[in-house]
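S.K.: Need coordinates for the following:
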Amino acid sequence: MITPGQKIGTFQVGNLIGEGATASVFHATDTKLNRPVAIKVLKEDLPESSRERFVREVKTLVEVRHAAIVHVYTAGIEGGSPYYVMEHLSGRSIKEMITHRKGKGVPVFRHDEILSIGRQLAEALGALHKARIIHRDLKPSNVMIVPPMKAKVIDFGLVQVGSGARMGERSRGLGTQAYMSPEQLEGGLIGEQSDLFQIGLILHEMVTGEQLGGHGVPPWFGKSQWNPPLPSSTDPKLPPDLEKAIVARPLRDPRPHRHRRDGGGVSRHPERPRSAGGHQGHEG
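M.R.: Prediction:
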């Protein structure tokens, strides 16, 4: 077990940042390099499947280096608890930013911000998919935004190596239902299109401030075709090109057998909308 005040090598463990079902994240200081870091620690008394997922997460973060993916410095085991040390991110998740900005009564995200973040996420996915890694759990709470507007994909606990596998029995039910792709919900083949679908959901929510999946069974479950409500119904000033990119085919065609590799729209080839910077809103 790792606790605040403990020292692991050159790392001085600080306060708890956050806690999930399987792991805890602590502030820490690299005393050798005098820089802030974060330490993610797997909880004790968890099934072997949780440990296996944690090991996959560490391997993924070590193997794939990209500016929009959280950077891991080192990993190890302390007192029987696996852990890894990663860069400390000073920012908010997209989910936190949506909640904060809605509370202030201002536009959720500016159009240029949505475009920039979409491009960064597309590039991060490109790096993952080139390494044959599928994230499977992309959602607003798993994307941190670091000032000025840099995206960082975090939490790789559900990664899958290789496309075309089905959600295993031990993995089924893991993740957040509102952001699961059709193939995750229905037991279909999981591949790059699963991540692209989730990116579409994130970008849609960045415009509207509301999650398309709702709080029950997502509206795309069991449907061969699904047309989401257009984000321009919430934001009439949304540039048509940006809206077209957000509701590109990965979002509009939720069939478990689909295997698109071109991605479409912001997800792969985002072109700058002619009026992308026209809606400035406010900083949050």
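S.K.: Could you double-check that residue 10 lies in contact with residue 35?
M.R.: No: counting by CB atoms under 8 Å, residue 10 stays clear of residue 35, with 10.5 Å between them. Glycine gets a C-beta too; all of them are placed from N, C-alpha and C.
S.K.: Please enumerate the strands of the stretch 101-250 of the chain.
M.R.: 133-134, 143-146, 150-153, 160-161, 165-166, 189-190 (DSSP state E, counting those that start in this stretch).
S.K.: and those strands, which is most packed in?
M.R.: Among the strands of the stretch 101-250 of the chain, the stretch with the highest mean neighbour count (mean count of other CB atoms under 10 Å) is strand 133-134, at a mean of 23.
S.K.: what does that one rub up against?
M.R.: Strand 133-134 has contacts (CB atoms under 8 Å, 6 or more residues apart in numbering) with 60, 63-64, 128, 159-163, 190-192, 194-195.
S.K.: now swap in stretch 64-78 and tell me
M.R.: 2, 8-9, 30, 37, 41, 58, 61-62, 82-87, 89, 120-121, 123-124, 127-128, 131, 133, 144, 150-154.
S.K.: Which ones among those residues lie within helices?
M.R.: 58, 61, 62, 120, 121, 123, 124, 127, 128 (DSSP state H).
S.K.: Which one of those residues is nearest to residue 225?
M.R.: Nearest to residue 225, judged by CB to CB, of the ones in helices among the contacts of stretch 64-78 is residue 121 at 25.1 Å.
S.K.: Relative to residue 203, how far out is the closest one?
M.R.: Counting by CB to CB, to the nearest Å, the gap from residue 121 to residue 203 is 8 Å.
S.K.: And those two? Which one has more around it.
M.R.: residue 203 (29 against 25; other CB atoms under 10 Å).
S.K.: In contact with that one: list those residues for me.
M.R.: Each residue near residue 203 by CB under 8 Å, 6+ apart is listed here: 114, 117, 118, 245, 246, 266.
S.K.: coming back round to it: buried subset of the contacts of stretch 64-78, written for ChimeraX?
M.R.: Buried residues among those (16 or more other CB atoms under 10 Å), as a ChimeraX selection:
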select :2,8,30,37,41,58,61,82,83,84,85,86,89,120,121,123,124,127,128,133,144,151,152,153,154
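S.K.: re earlier: any idea which of the contacts of strand 133-134 is least confident?
M.R.: Least confident of the contacts of strand 133-134 in the model: residue 163, at 56.
S.K.: Let me see the domain layout of this structure.
M.R.: Per automatic domain parsing, the structural domains of the chain span 7-87, 92-268.
S.K.: Comparing those domains, which stretch has the densest surroundings?
M.R.: domain 92-268 comes out most buried of the domains of the chain by mean count of other CB under 10 Å, with a mean of 19.
S.K.: picking that back up, for the domains of the chain, which has the smallest mean pLDDT value?
M.R.: Among the domains of the chain, domain 92-268 scores lowest, at a mean of 84.
S.K.: beta partners for residue 144?
M.R.: Here residue 144 sits in beta bridges with residue 93, residue 152, as judged by DSSP bridges.
S.K.: In this structure it contacts residue 88, no?
M.R.: No: the pair residue 144 and residue 88 does not pass the contact test of CB under 8 Å, sitting 10.7 Å apart.
S.K.: Can you show me the CA trace of stretch 108-126 as CSV?
M.R.: What follows is stretch 108-126, C-alpha atoms only, in CSV (Å, rounded to 0.1, in the frame of the first residue of the first chain):
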residue,chain,number,x,y,z
VAL,A,108,-19.6,25.5,-23.3
PHE,A,109,-16.7,25.6,-25.8
ARG,A,110,-15.7,28.0,-28.5
HIS,A,111,-15.8,26.7,-32.0
ASP,A,112,-12.0,27.1,-32.4
GLU,A,113,-11.5,25.2,-29.2
ILE,A,114,-13.6,22.3,-30.4
LEU,A,115,-11.7,22.1,-33.6
SER,A,116,-8.3,22.3,-31.9
ILE,A,117,-9.2,19.6,-29.3
GLY,A,118,-10.7,17.4,-32.1
ARG,A,119,-7.5,17.6,-34.1
GLN,A,120,-5.4,16.7,-31.0
LEU,A,121,-7.6,13.8,-30.2
ALA,A,122,-7.5,12.6,-33.8
GLU,A,123,-3.7,12.7,-33.7
ALA,A,124,-3.6,10.8,-30.4
LEU,A,125,-5.9,8.1,-31.8
GLY,A,126,-3.7,7.9,-34.9
